[in-house]
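Engineer: below: sequence and its predicted model.
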Amino acid sequence: MDRQKKTYEIAGKSVTLFPAAQAHRPLIVLNTHDGDGESVMGELGQIGGEEINLLVIGNLDWNQDMTPWPCPALLGGADEYLALLLSEILPKAIEAVSGDPVRICIAGYSLAGLFALYALYRCDVFDRAASISGSLWFPGFRKFVEERGIPGKTDKIYLSLGDKEKKTRHPLMKTVQEDTEAIAAHYKQLGMDVTFELNPGKHFQDSDFRIARGIASI
């Protein structure tokens, strides 16, 4: 299987594309804090499942690019980054893969998991989303989700957390499981195909494996 990655830079972001050998395979967008996706690809190889194109974007201004609106220490620049993703990064990847992707999905861990869901409300591009250990404690986000409709054709969402993530003294982060479960229930009420999983451990445990499970699910 040809998995030769392609690397380039767009507007200061590092972009890595792992193209599928076959045509018309799903394209998964993965925003990442560290690495270029090699370890996630390795985990996906162990899990198996259908062949995908994986587009990994790094060198992000994490606290700005992945956050919907400002809150303490977080700058709220997700709309600006999403515009770059849709206008430059994603079109170049679509041109580079073989055939038209059968679906386009978005995935992310931590704040990028928050961004993955937020992006569903700001465009109609993504068919599915995976928020892995997503920062769904983010102030106002649960209310944002519950009060708005998704404009696109999204039909499947994967959510996960570590089972110890809620065990924190941080006044915002300690609500993460409550908020994630409420958002999962909301999507189920809308008739969407939703998977919610609790993984063993805290927030930073087995992140590549968790990401691979989320991607495989969508």
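Structural biologist: Now that the structure is in, tell me what you want to look at.
Engineer: quick check: buried residues in stretch 188-198?
Structural biologist: Within stretch 188-198, the residues scored as buried using 16 or more other Cβ atoms under 10 Å are 194, 196. For the C-beta atoms, the positions are set from N, CA and C on the backbone; glycine is no exception.
Engineer: please enumerate the helices of this protein.
Structural biologist: Along the chain, the segments classed as helices by DSSP state H run 38-47, 62-65, 78-84, 90-96, 111-122, 141-147, 176-189, 207-217.
Engineer: give me whichever of those is most buried.
Structural biologist: Most buried of the helices of the chain, by mean neighbour count (mean count of other Cβ atoms under 10 Å): helix 111-122, with a mean of 24.
Engineer: phi, psi of the residue lying farthest from the centre of the chain?
Structural biologist: Most distant from the centre of the chain: residue 169, at 25.9 Å, with distances by Cα atoms, centre = their mean. For residue 169, the backbone dihedrals (degrees, to the nearest 10) come out as phi -90, psi -10.
Engineer: what about it, distance to residue 113?
Structural biologist: Per Cβ to Cβ, to the nearest Å, residue 169 is found 22 Å from residue 113.
Engineer: hang on, the earlier thing: adding distance to residue 160 and mean pLDDT, write the helices of the chain out as TSV.
Structural biologist: Output for these, formatted as TSV (distance: least, Cβ to Cβ, whole Å; pLDDT from 0 to 100):
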stretch	distance to residue 160	mean pLDDT
helix 38-47	14	95
helix 62-65	20	97
helix 78-84	21	98
helix 90-96	24	97
helix 111-122	9	98
helix 141-147	17	97
helix 176-189	8	97
helix 207-217	6	96
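Engineer: in TSV, list these along with distance to residue 15.
Structural biologist: Converted to TSV, these look like this (distance: least, Cβ to Cβ, whole Å):
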stretch	distance to residue 15
helix 38-47	14
helix 62-65	14
helix 78-84	11
helix 90-96	8
helix 111-122	15
helix 141-147	27
helix 176-189	29
helix 207-217	17
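Engineer: these two touch, right, residue 69 and residue 140?
Structural biologist: Yes: under the criterion of Cβ atoms under 8 Å, residue 69 makes contact with residue 140 at 7.1 Å.
Engineer: with neighbour numbers in mind, choose between those two.
Structural biologist: Shown here are residue 69 and residue 140; by other Cβ atoms under 10 Å, residue 69 has more neighbours (16 against 10).
Engineer: skipping adjacent residues, who's closest to the more buried one in space?
Structural biologist: In space, residue 69 comes closest to residue 76 once its chain neighbours are excluded; the distance is 4.2 Å by Cβ to Cβ, 6 or more residues apart in numbering.
Engineer: how about the contacts made by that neighbour?
Structural biologist: Neighbouring residues of residue 76 by Cβ atoms under 8 Å, 6 or more residues apart in numbering: 64, 67-70.
Engineer: reformat those as a markdown table; add distance to residue 104.
Structural biologist: Formatted as a markdown table, the contacts of residue 76 follow (distance: Cβ to Cβ, whole Å):
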| residue | distance to residue 104 |
| --- | --- |
| 64 | 24 |
| 67 | 22 |
| 68 | 20 |
| 69 | 25 |
| 70 | 29 |
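Engineer: gap between the spatially most central residue of the chain and residue 218?
Structural biologist: Closest residue to the average C-alpha location of the chain: residue 107 at 2.0 Å, with Cα atoms, centre = their mean. Using Cβ to Cβ, one gets 7 Å for the distance from residue 107 to residue 218.
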